[in-house]
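In: I would like to see how this sequence folds:
(one chain, ligands or ions: 1)
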Amino acid sequence: MEPSDAEALWRWNHDPDVMRWMSDGYAQPLSQVRKRLEERPRNAYGEVLYGVEVLTDAKLIGLVRLRDAEPEAGRAELDIYLGEKEYWGRGYGTDAMRTICRYGFDKMRLHKITLTVVTENLAAHRVYQKIGFVDEGRLRQEFRRDGQWYDMFTMGLLEGELR
Ligand SMILES: CC(C)(COP(=O)(O)OP(=O)(O)OC[C@H]1O[C@@H](n2cnc3c(N)ncnc32)[C@H](O)[C@@H]1OP(=O)(O)O)[C@@H](O)C(=O)NCCC(=O)NCCS
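Out: Residues are numbered from 1 along each chain as shown. Prediction:
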């Protein structure tokens, strides 16, 4: 991700459809998003962030991240979102998930990748299950949106389980 990607990131973060099932924190001005990208530490074991690009259109459509990895634990937490909605439902999320998981297992030698997803986020849950993630627990009333509480699944994928 480059500082020049700030405008796209800012736009995605202010799109209620994209952020529907994601923690959005406090709104930030574009200048702050750009500063954050400029000052972001380089990718390293503890946090790796990559843009998801459609090769044929040379267009940035989202991002994937592995974070909170520790070599002793061999485990990392995964985040994904595609901010360009017209690219949803075309297999890019599945492809990006497979790629970043392969990267985690092969390059970082992780043993396990975990994530959390709001139980109502059916498309995301479907993608995660499709590539091998399994539900490991249900966090009751973990996510609040528009005055309502929702449960979340914690999911896990072990080395060798990626499909
Ligand atoms: C979740 C997300 C990454 C999925 O990416 P995508 O490119 O749209 O996903 P894909 O096209 O690879 O696959 C979508 C799958 O969900 C299924 N799906 C879509 N809507 C669905 C619904 N309402 N109910 C059940 N399944 C649904 C599709 O049929 C497809 O499964 P299939 O291949 O078995 O047919 C993307 O939509 C996104 O970034 N959404 C907004 C941010 C977000 O929610 N991120 C995840 C936070 S945990």
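
In: okay, residue 25: pLDDT?
Out: Residue 25 is assigned a pLDDT of 88 by the prediction.

In: in the protein, which spans are strands?
Out: 47-54, 59-70, 75-82, 112-118, 134-145, 148-158 (DSSP state E).

In: The ligand contacts on this protein?
Out: 18, 21-22, 62, 80-82, 88-94, 117, 121-124, 126-127, 130 (Cβ under 6 Å from any ligand atom). Bear in mind the C-beta positions are built from the backbone N, C-alpha and C, glycine included.

In: Can you add mean neighbour count and give the strands of the chain back as a markdown table?
Out: As requested, the strands of the chain are exported to a markdown table (neighbours: other Cβ atoms under 10 Å):
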| stretch | mean neighbour count |
| --- | --- |
| strand 47-54 | 17 |
| strand 59-70 | 18 |
| strand 75-82 | 19 |
| strand 112-118 | 19 |
| strand 134-145 | 13 |
| strand 148-158 | 17 |
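
In: and these as a markdown table, adding distance to residue 9?
Out: As requested, the strands of the chain are exported to a markdown table (distance: least, Cβ to Cβ, whole Å):
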| stretch | distance to residue 9 |
| --- | --- |
| strand 47-54 | 9 |
| strand 59-70 | 8 |
| strand 75-82 | 10 |
| strand 112-118 | 20 |
| strand 134-145 | 21 |
| strand 148-158 | 24 |
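
In: TSV please, covering the ones you listed and showing mean pLDDT.
Out: As requested, the strands of the chain are exported to TSV (pLDDT from 0 to 100):
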stretch	mean pLDDT
strand 47-54	97
strand 59-70	97
strand 75-82	98
strand 112-118	98
strand 134-145	98
strand 148-158	98
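
In: Looking at the ones you listed, which is nearest to residue 4?
Out: Among those, the nearest to residue 4 by Cβ to Cβ is strand 59-70 (9.6 Å).

In: what are the pairing partners of the closest one, and which direction each?
Out: Using DSSP bridges, the strands paired with strand 59-70 in its sheet are strand 47-54 (antiparallel), strand 75-82 (antiparallel).

In: Distance to residue 135 added to those strands, as CSV?
Out: Formatted as CSV, the strands paired with strand 59-70 follow (distance: least, Cβ to Cβ, whole Å):
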stretch, distance to residue 135
strand 47-54, 25
strand 75-82, 15
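
In: Relative to residue 136, which of these is closest?
Out: Residue 136 lies closest, by Cβ to Cβ, to one member of the strands paired with strand 59-70: strand 75-82, at 12.2 Å.

In: residues in contact with that closest one?
Out: With Cβ atoms under 8 Å, 6 or more residues apart in numbering as the test, strand 75-82 has contacts from 12, 18, 22, 52, 61-69, 88, 92-93, 96-97, 100-101, 104, 108, 110-115, 124.
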